[in-house]
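In: After the sequence you'll find the predicted model.
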Amino acid sequence: MGYVDVAGVGHILPDGRELFADVSFRVGEGAKVALVGPNGAGKTTLLRMVAGDLPVRSGVVARAGGLGVMRQFIGMIGDESTLADLALSLAPPALRDAGRRLGETEAAMRAAEAHGKFSNAAGKAQLAYADALGAWGEAGGYDAEVLFDTVATIVLGLPWETVRDRPVRTLSGGQQKRFALELLLRGPDEVLLLDEPDNFLDVPGKRWLEARLRESTKSVLYVSHDRELLAQSADRVVAVEGGSAWVHPGGFASWHSARVARHARLDELRRRWDEEHQKLRELMLMYKQKAAYNDGLASRYQAAQTRLRKFEEAGPPPVPPKDQDIRMRLSGGRTGKRAVICEQLELDGLTFPFDLEIWYGDRVAVLGANGSGKSHFLRLLARGGTDPDPANGPVDGAGALAPVAHDGTARLGARVRPGHFSQTHDRPELMSKTLVEILWRGDEHRTGMDRHTAMGVLSRYELAAQGDQRFGTLSGGQQARFLVLLLELSGATLLLLDEPTDNLDLASAEALEAGLNAFDGTVIAVTHDRWFTRSFDRFVLFRGDNEVVETPEPVWDVG
C-alpha cells in the first residue's frame, strides 16, 4: 500500500512572496484526504509538489507506492492530442516512456517503408520498432491495453482500437474526466493525486465518484469544492489557508464547525498573548525608570528586558485568516422581451429538433448528462445564434469558439449581447498576459482603464495580489474569477455560463450567486452544481434520448 508524508513544507512564489510555510500532514494507507481552502491558497501547488512537478525547497515530501496524477485541466495537453496520448500521460513512468517510444518507432517505420519497403532505412526502422514492441510488453503494455479497452467500453461504449486515435477535444469535459478517473482508479498506482476530479462530471457521475472513492483501497489526496462529494468521501480534511495548513481529523461534515472553533481559539490565544506582551513591556519600562535612580534595580531591569525579548522572539500565535470579500458587480442592461428564440433547433448528432423561448430576466439552468449537447448549445448562442446580428455588438470570447453543426434557428433578441464563460477557461489569447496588462492596455473589451483603476477592480475580486501575474499561471479558481470580471466589464446582457462554479471556492461561488441575483439581464447556465441550481427559476433538460424539454424542477438522473 502507498502513503504520502508532508513535513514542514513551504513554497515561495517567483515574485518572492511566501505562498505557504510549515505545512505538515499525512495520507495514510487507504486514506481519503481532501485539500480545501480559498482559491489561490496553494492547494494545486501542494499537489504539484507531492507529484514531483515542483521542487520542494523547504521541508520534506515522502511517498511510497506507485503515483497516479490527474491534473486540473486534463484536456489541455494539446489540441490534437489523442485518447492514446491521454491514457499514456496517466500511466506509470516506465509504461509511459515505453509507449512513447513505441509510437515514435512505429511512425518512423511507416515513413521509411513509404520511401522503400526493402531499403536499409526501412530495415533499421523495423528492427527499432520490434525492439520497442518488446520493451512495451516488458513494461506491462499488453495488460495496460486491456485496461484501456475496458475503460473505453465503459465510458464511450466503443473498443479501444476504435477510439484510441480520437482527439481528446472531441470528448466533453465530463467524458474526459470519467475516462481519466476510470484509468486511475482501476490502474496499478497505489497513491492518487486528483485535482478537482468532480469538475465537468454530471450529478450521476459525481455520485459514481463518491462511491468509487469510498470503496477504493488506494490512498487518495484530492482537491474539490463540491461540498456533497467532500462530505460523502473524505476521511480527513487538510485546510490550506492563512499561509499554512491545519488538519481536521474528522470528515467534511464536521469541518466547518471545527474551523469556527479553531478561529475562536486562535483569537483567544492572540488576545492573551497581547495582554501578556503588554504586561511584560510595562514591567520592563517600570524597572527602566527606577533603575535610572537606583543602581540596585539594574539587574531586575536587565532580567525584564531579557524576558520581554525572549517572549517577542517566540512570536505571537497565528491569527485566523481573513475571510474573503469578493464583490461582483454584474450590471447587464435592458433588452427586448424575448432574449433567445429557438425554432426547430437541432444540434447534429446530439439532439432532436426543439423549440425554446427565453425571456429577458430569466434564470435558466441547463441540465443533463455529459455529452448531451449542453455546451454546444451555449457555444452556438455565444456566436450570436444561427444568424448573428451585428447590431447586438461584439460577442465576448466568440472568436475562439468553434462552429457548432446544427439545423434550425437560434436567434438573439434586440440589444442582447452574449458573454460566454467556458468551462475549460480556454482563452489562449490571455495566457501570457498579466491581469493588469489585460485590463490596463485595453486588450480585452477596450477597457482602457489606467493601472490604478485596474488594481481597484482586481481588488474587488480578491485578485490585486495577482495583478502582475500571468493569467496562465493562476489557479483554476482565480482564472474563473477573472473571467467573470471580464464578463462584468464586457457589457454583456446575456450571460452564458458553462459550469461557472466548478473551480470556485465557497466564498467565490456565493459572490457569483449574489452578482447574478443583481444582474439586469438574462442568465443561461450549464451546471451540475446541486447547490447553485437552487438559485434558478427555469430548468431545461437535455435528455439521454436526444429530446430537449423543460422541467418544473431540477432533474439529475437522466438515462
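Out: Everything's here; your move.
In: in stretch 531-538, what counts as buried?
Out: Judged by neighbour count (16 or more other CB atoms under 10 Å), stretch 531-538 contains these buried residues: 532, 533, 535, 536, 538. Any C-beta I mention is one placed from the backbone N, CA and C, and that applies to glycine too.
In: Would you state the strands of the stretch 451-559 of the chain in chain order?
Out: For the stretch 451-559 of the chain, the strands defined by DSSP state E, counting those that start in this stretch occupy 494-498, 522-526, 538-542, 548-551.
In: again with the stretch 201-350 of the chain
Out: Using DSSP E, counting those that start in this stretch, strands in the stretch 201-350 of the chain cover 219-223, 236-241, 244-248, 338-347.
In: which residue sits closest to residue 422 in space, ignoring its chain neighbours?
Out: Spatial nearest neighbour of residue 422, excluding adjacent residues (CB to CB, 6 or more residues apart in numbering): residue 498 at 5.8 Å.
In: Tell me what the one you found is bridged to.
Out: residue 526 (DSSP bridges).
In: okay, how far is it across stretch 25-41, tip to tip?
Out: Length of stretch 25-41, first residue to last, CA to CA, to the nearest Å: 16 Å.
In: Name the residues of that stretch that are buried.
Out: Neighbour-count burial for stretch 25-41, counted by 16+ other CB under 10 Å, picks out 25-27, 31-41.
In: about what we covered before: can you add mean pLDDT and give the strands of the stretch 451-559 of the chain back as TSV?
Out: Converted to TSV, the strands of the stretch 451-559 of the chain look like this (pLDDT from 0 to 100):
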stretch	mean pLDDT
strand 494-498	93
strand 522-526	95
strand 538-542	94
strand 548-551	93
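In: Residue 69 is nearest to which of these?
Out: Of all the strands of the stretch 451-559 of the chain, it is strand 494-498 that lies closest to residue 69, at 25.2 Å by CB to CB.
In: Between the two ends of stretch 466-483, how far is it?
Out: The first-to-last residue distance of stretch 466-483 comes to 14 Å (CA to CA).
In: same question, stretch 224-237
Out: OK, stretch 224-237 end separation, CA to CA: 11 Å.
In: the strands in the stretch 1-150 of the chain, which residues?
Out: 3-12, 18-27, 32-36, 58-64, 67-70.
In: For residue 511, which of those is the nearest?
Out: strand 32-36 (17.4 Å).
In: If you count neighbours, what's buried in the lengthiest helix in the chain?
Out: The residue-count maximum for a helix in the chain (DSSP state H) belongs to helix 255-291. Within helix 255-291, the residues that qualify as buried are 255, 259, 266, 280, 283, 284, 287, 288, 291, counting by 16+ other CB under 10 Å.
In: want to try a markdown table for these, with distance to residue 104 and pLDDT as columns?
Out: Converted to a markdown table, the buried residues of helix 255-291 look like this (distance: CB to CB, whole Å; pLDDT from 0 to 100):
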| residue | distance to residue 104 | pLDDT |
| --- | --- | --- |
| 255 | 48 | 88 |
| 259 | 51 | 88 |
| 266 | 56 | 88 |
| 280 | 70 | 92 |
| 283 | 75 | 91 |
| 284 | 73 | 91 |
| 287 | 78 | 87 |
| 288 | 77 | 89 |
| 291 | 81 | 85 |
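In: so which of those residues comes closest to residue 232?
Out: residue 255 (13.3 Å).
In: Sweet, I'm off.
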